[in-house]
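*Asks:* predicted model follows, preceded by the sequence.
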Protein chains: 2
Amino acid sequence: MSPNNCALLVVAHGSRRAASNDEVRQLAEVMAAKAGARFTMVVPAFLELATPSIPDGIEHCIQAGVSEVVVLPYFLSAGRHVAEDIPAEVDIKRLQYPHIPISIAAYLGSDEGVADLMLGLV
Amino acid sequence: MSPNNCALLVVAHGSRRAASNDEVRQLAEVMAAKAGARFTMVVPAFLELATPSIPDGIEHCIQAGVSEVVVLPYFLSAGRHVAEDIPAEVDIKRLQYPHIPISIAAYLGSDEGVADLMLGLV
């Protein structure tokens, strides 16, 4: 496996509303197209209320043969979900696959570009 | 009042966690600095769990003398909050101030730039 054989897991909260979960799945598809060769695959996953779960999403990537997984929280604030719940879910797979690096990137809301994006909407 | 005497109300869900609400208040400050003369003021407001509420935020802008208010949802998906709850809160003030245009812009998650911003985090 090459050093670039890396999967990107886009993690959203998950909603009882199917259309909201589909928005996340579509986002992952758009990101896959934009990422090009940077990531072998870009896969959506959900903390709650939708599938796949975070562990199942990571498992899917590992079974597809990647040598590394980056978890990217699609969240606006650094609350309990980002600080505790997502790391706890990721740790399940870190323990199971100690030889595969699984990192957690910064959450969307931490990016200074959000202010520009918001102003672009008005 | 000039035609550009417009307030921007950045509306977040609101959290029991004070630091998350402060993140939104800081975002509004950054947006105010970036917006320059486009908006007379950029003010945060919250649907639940934090203050000011949306009606109170709009009232604050109107009392400050603006002739127009744009409400911008800091939300990732078009769920019930964006589709129903925010418009219902805004309607309270539209009824009270029928001569002041109060519009609701698209929500953050609808912007295609989100995919690029997410990829910039990894």
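*Replies:* Yes, it's here. Numbering: from 1, shown residues only, chains lettered A, B, ... in the order given.
*Asks:* identify the residue nearest residue A:85 in space, chain neighbours excluded?
*Replies:* Spatially, and ignoring its direct neighbours in sequence, residue A:85 is nearest to residue A:47 (5.9 Å; C-beta to C-beta, 6 or more residues apart in numbering or on different chains). The C-beta positions use only the backbone N, C-alpha and C, and glycine is treated the same way.
*Asks:* helices along chain A, start to end?
*Replies:* For chain A, helices defined by DSSP state H occupy the ranges A:18-35, A:54-63, A:80, A:86-96, A:113-120.
*Asks:* quick one: contacts for the nearest residue to residue A:7 once chain neighbours are set aside?
*Replies:* Excluding the flanking residues, the one nearest residue A:7 by C-beta to C-beta, 6+ apart is residue A:61, at 3.6 Å. By C-beta atoms under 8 Å, 6 or more residues apart in numbering or on different chains, residue A:61 lies in contact with A:7, A:9, A:41, A:43, A:69.
*Asks:* select, out of the helices of chain A, the one closest to residue B:110.
*Replies:* With C-beta to C-beta as the criterion, residue B:110 lies closest to helix A:18-35 of those, at 8.6 Å.
*Asks:* alpha carbons of that closest one, as CSV, please.
*Replies:* Output in CSV follows, covering the C-alpha atoms of helix A:18-35 (Å, rounded to 0.1, in the frame of the first residue of the first chain):
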residue,chain,number,x,y,z
ALA,A,18,-33.5,11.3,5.9
ALA,A,19,-32.9,14.4,3.6
SER,A,20,-30.4,15.8,6.1
ASN,A,21,-28.4,12.6,6.1
ASP,A,22,-28.6,12.5,2.3
GLU,A,23,-27.1,16.1,2.3
VAL,A,24,-24.1,14.7,4.1
ARG,A,25,-23.8,11.7,1.7
GLN,A,26,-23.9,14.2,-1.2
LEU,A,27,-21.3,16.4,0.5
ALA,A,28,-19.0,13.3,0.7
GLU,A,29,-19.5,12.6,-3.0
VAL,A,30,-18.6,16.2,-3.9
MET,A,31,-15.6,16.1,-1.7
ALA,A,32,-14.5,12.8,-3.3
ALA,A,33,-14.7,14.4,-6.7
LYS,A,34,-12.7,17.5,-5.5
ALA,A,35,-10.1,15.5,-3.5
